[in-house]
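Novice: Okay, here's the prediction I keep looking at, along with the sequence it came from:
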Amino acid sequence: MEDEDCPDLVPIGADAAEQTDANPSRKIPVTIITGYLGAGKTTLLNYILTEQHNKRIAVILNEFGEGSALEKSLAISQGGELYEEWLELRNGCLCCSVKDNGVKAIENLMQRRGKFDYILLETTGLADPGAVASMFWVDSELGSDIYLDGIVSVVDAKHGLQHLTEEKPEGLINEASRQVALADLIIINKTDLVSEEELNKVRTSVRVDLSNVLDLHAFDSLSGVSLQKKLEHVKTTHAHLDKAIITVTFEVPGNIKEENLNLFIQGLVSIQGKSHQVLVQGVHELYDLEETSVAWKEDEKRMNRLVLIGRNLDKEIIKEVFRATVREEQGNS
Ligand SMILES: Nc1nc2c(ncn2[C@@H]2O[C@H](COP(=O)(O)OP(=O)(O)OP(=O)(O)O)[C@@H](O)[C@H]2O)c(=O)[nH]1
Ligand SMILES: [Zn+2]
């Protein structure tokens, strides 16, 4: 009888758990990929996912605007088996809403733990990576499951300098410089678009002299204060991001001719004579078209979705001009 008590001391559940996850107590590293609008974050993400790395990677996308979720998911799901979690943000204050949403997304993802051993988190082009990073410290429950491995910032060699040096109205921070300032690693992208001289300028501007890094005494006024308090200080003194930048999203049914698309730079459009959905991505004056793997169905209503991010956008005017362009095509064909 006494012998029979022994097995009870070994929980059966523990054995079963260990079979699904080789090391359940191991923390999962998170890499934050940041960078200004169109810098090349998703391109980097896709590159990492398609390279051989022997890691099972989960992806969290912190997308800006409503319609863009679909586009990003198209761009990402080509890399084989993936786990995605959406970190939805509306037009509110990005830096302030990111934490709750971020914690939620990661909690959702962690319900599938054991299925992946790395998390990549792509922020929006207008995110303050500091706000994203701080959720890993402030939420202690999350902190026991995952850890922040590093912040990688992608800089557009062609437009990066312009973004970095842009003067913001009083009280607003420059997102691009914040993304560079907080980076553990900076990747200068689109080097094919610039001369050696331009590239060196960008390089010099993101490189920091060590004398500017050490002995900052940035927290002297808070010396002796706990880390928690310091973080609160960082939180309450952060400048808000530029609210003049807004997203405009709308849909117009019909087809548009590829040649006439240069009237417009961004969006997901149905191109006349193409059997697949086409992804159009633009940054400033550059844009490219990429036929996706998603075919239009025979009886599917062709739809163009435009997501424009910028300043002083008048939704009604843009939509009307675009609608007219689509109508014109319809009439001519
Ligand atoms: N010429 C050139 N274009 C590139 C390079 N890398 C990316 N692009 C293009 O730049 C555009 C933006 O790239 P994405 O990877 O979507 O940039 P992103 O930072 O994820 O963009 P958002 O999430 O919209 O802010 C796409 O049209 C890419 O094809 C590069 O090395 N050279
Ligand atoms: Zn804010």
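Specialist: Nice, thanks for sending it over. Ligands and ions are numbered 1, 2, ... in the order given.

Novice: ok, now which ones touch whatever residue of the stretch 101-250 of the chain ends up closest to ligand 1?
Specialist: Shortest the stretch 101-250 of the chain-to-ligand 1 distance, computed as C-beta to the nearest ligand atom: residue-wise this is Gly125, at 3.5 Å. Just so you know, the C-beta spots here come from the backbone N, C-alpha and C atoms, and that holds for glycine as well. With contact set as C-beta atoms under 8 Å, 6 or more residues apart in numbering, Gly125 has these partners: Gly35, Tyr36, Leu37, Gly38, Ala39, Lys41, Phe64, Glu175, Ile309.

Novice: Per-residue pLDDT of it, please?
Specialist: Predicted confidence (pLDDT) at Gly125: the value is 82.

Novice: State the three-state secondary structure for it.
Specialist: Each residue gets one of three states, and Gly125 gets coil by DSSP: H, G, I helix; E, B strand; the rest coil.

Novice: Next: the one 5 residues further on.
Specialist: For Gly130, the secondary-structure state derived from three-state DSSP is helix.

Novice: Any chance of the contacts of Gly125 in TSV with neighbour count and distance to Ile48 as columns?
Specialist: As requested, the contacts of Gly125 are exported to TSV (neighbours: other C-beta atoms under 10 Å; distance: C-beta to C-beta, whole Å):
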residue	neighbour count	distance to Ile48
Gly35	31	14
Tyr36	28	19
Leu37	19	20
Gly38	24	18
Ala39	28	15
Lys41	25	11
Phe64	23	21
Glu175	28	23
Ile309	19	24
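
Novice: Just the closest of the residues you listed to ligand 2, please.
Specialist: Minimum distance to ligand 2 across the contacts of Gly125 is 11.4 Å, recorded for Glu175 (C-beta to the ion).

Novice: backbone phi and psi for the closest residue to the closest one other than its chain neighbours, please?
Specialist: Taking C-beta to C-beta, 6 or more residues apart in numbering as the measure, Glu175 lies nearest to Leu126, with 5.2 Å between them; neighbours along the chain are not counted. For Leu126, the backbone dihedrals (degrees, to the nearest 10) come out as phi -110, psi 10.

Novice: I'd say Leu126 and Leu37 touch.
Specialist: Yes. Using C-beta atoms under 8 Å, Leu126 is in contact with Leu37, at 6.7 Å.

Novice: For this protein, which residues are neighbours of ligand 1?
Specialist: Within reach of ligand 1 by C-beta under 6 Å from any ligand atom, the chain has these residues: 35, 37-43, 125, 189-190, 192-193, 281, 283, 288.

Novice: Out of these, which comes closest to Met303?
Specialist: Nearest to Met303 among the residues of the chain next to ligand 1, counting by C-beta to C-beta, is Gln281 at 17.7 Å.

Novice: Next, please give the residue ranges for the helices of the protein.
Specialist: 5-8, 12-20, 41-50, 68-76, 94-110, 129-138, 140-143, 160-165, 175-181, 196-206, 227-237, 315-332 (DSSP state H).

Novice: sorry, back to before: kindly point out which residues are neighbours of both of Leu126 and Leu37.
Specialist: Among the neighbours of Leu126, those also in contact with Leu37 (C-beta under 8 Å, 6+ apart) are Ile309.

Novice: Quick check, Lys201 in contact with Gly160.
Specialist: No. With contact taken as C-beta under 8 Å, Lys201 and Gly160 are classed as non-touching, separated by 9.5 Å.

Novice: So between these two, which is more surrounded?
Specialist: Each of Lys201 and Gly160 has its neighbours counted (other C-beta atoms under 10 Å); Gly160 has more, 26 against 14.

Novice: What residue, apart from its backbone neighbours, is nearest the more buried one spatially?
Specialist: If the residues on either side of it in the chain are set aside, Gly160 comes closest to Val202, at 5.3 Å by C-beta to C-beta, 6+ apart.

Novice: how much space between that neighbour and Trp296?
Specialist: Applying C-beta to C-beta, to the nearest Å, the value for Val202 to Trp296 is 40 Å.

Novice: who has more neighbours, these two?
Specialist: Set side by side, Val202 and Trp296 give different neighbour counts by other C-beta under 10 Å, the larger being at Val202 (22 against 16).

Novice: pretty sure the more buried one is touching Gln162, no?
Specialist: No. Applying C-beta under 8 Å as the test, Val202 and Gln162 come out as separate, 10.2 Å apart.

Novice: how close does the closest residue to Ser153 other than its chain neighbours get to Glu197?
Specialist: Counting by C-beta to C-beta, 6+ apart, Ser153 lies nearest to Ala183, which is 3.5 Å off, once chain neighbours are set aside. Ala183 sits 24 Å away from Glu197 when distances are taken as C-beta to C-beta.

Novice: What of Ile309?
Specialist: Shown here: Ile309 relative to Glu197, a distance of 30 Å by C-beta to C-beta.

Novice: Same check on Thr34?
Specialist: To Glu197, Thr34 is 27 Å away according to C-beta to C-beta.
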